[in-house]
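Undergrad: sequence below, structure please.
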Amino acid sequence: MTENTSSNTSAISFRPAVDADAETIADLVNSAYRGDSSRQGWTTEADLLQGSRILAPEVRKLIATPDSVILLCLQGDDIIGCVNLEKTEGAAYLGMFVVRPVLQGKGIGKHFMQTAERHAQVSWGIDKIWMTVISVRKELIAYYERRGYVRTGRFKPFPSNNGKEQMLVENLQFEEMEKILS
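TA: As a prediction, the model looks like this:
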């Protein structure tokens, strides 16, 4: 799926990721959520977690998984965003949604999310999409609520020892949100 639209700066397009994109995707995701570079945007988790959010081999696995796609948002040839969509029973999971921190707040994420939802709906014939958000991320939950997602009241613990990231605060948990697609 390649789609073009105009933005404040230049044309934005979308395409599925390929194996050769894995390192760039991992770098983008980690820069948007962790460390000082993430503080340039509002999606930072730097005060909650340290370490890598994802590694290139994990990205390659997601790209190769059946009923999974990493959709890229490009400005020219430059990858400025990504999202992982995975088909689940009657729905799609949306995860790893990111726009480069210095480009956040310009409407790119809103358009990218709509494109990702449409991609999942058309590709898999689903009418529901869901995600998990760290429950203390109130501004992020509010962002998704403005995009039509609702809190389900379902929570699950954050993995405390996954070998690549360390919690800086105790008792982190994921909250599930979902949206019915029209």
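Undergrad: what comes up buried for stretch 101-112?
TA: For stretch 101-112, a neighbour-count test (16 or more other Cβ atoms under 10 Å) marks Pro101, Leu103, Gln104, Ile108, Gly109, His111, Phe112 as buried. Every residue, glycine included, has its C-beta placed from N, CA and C.
Undergrad: mind exporting the C-alpha coordinates of it to CSV?
TA: What follows is stretch 101-112, C-alpha atoms only, in CSV (Å, rounded to 0.1, in the frame of the first residue of the first chain):
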residue,chain,number,x,y,z
PRO,A,101,10.0,12.9,17.8
VAL,A,102,10.9,16.2,16.0
LEU,A,103,7.9,15.7,13.7
GLN,A,104,5.3,15.0,16.4
GLY,A,105,2.5,17.5,16.8
LYS,A,106,2.2,18.3,13.1
GLY,A,107,-0.8,16.0,12.3
ILE,A,108,1.4,13.2,10.8
GLY,A,109,0.5,10.7,13.5
LYS,A,110,-3.2,11.3,13.2
HIS,A,111,-3.1,10.7,9.4
PHE,A,112,-0.7,7.8,9.8
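Undergrad: scan the protein for its longest helix.
TA: Assignment by DSSP state H gives helix 108-124 as the longest helix of the chain.
Undergrad: starting at the chain centroid, how far to that helix?
TA: Relative to its chain's centre, helix 108-124 lies at 11 Å (Cα atoms, centre = their mean, to the nearest Å).
Undergrad: report the buried residues of it.
TA: By 16+ other Cβ under 10 Å, the buried positions in helix 108-124 come out as 108-109, 111-113, 115-117, 119-121, 123-124.
Undergrad: what residues does that helix touch?
TA: With Cβ atoms under 8 Å, 6 or more residues apart in numbering as the test, helix 108-124 has contacts from 1, 3, 5, 7, 12, 14, 67, 69, 71, 73, 80-81, 83, 85, 87, 92, 94, 97, 99, 126-127, 129, 147, 179, 181.
Undergrad: please apply the same query to stretch 138-155.
TA: The contact list for stretch 138-155, computed with Cβ under 8 Å, 6+ apart, reads 42-43, 110, 113, 130-131, 133-135, 173-179.
Undergrad: and the residues you listed, which of them are in strands?
TA: Among the contacts of stretch 138-155, the members found in strands (DSSP state E) are Trp130, Met131, Val133, Ile134, Gln173, Phe174, Glu175, Glu176, Met177, Glu178, Lys179.
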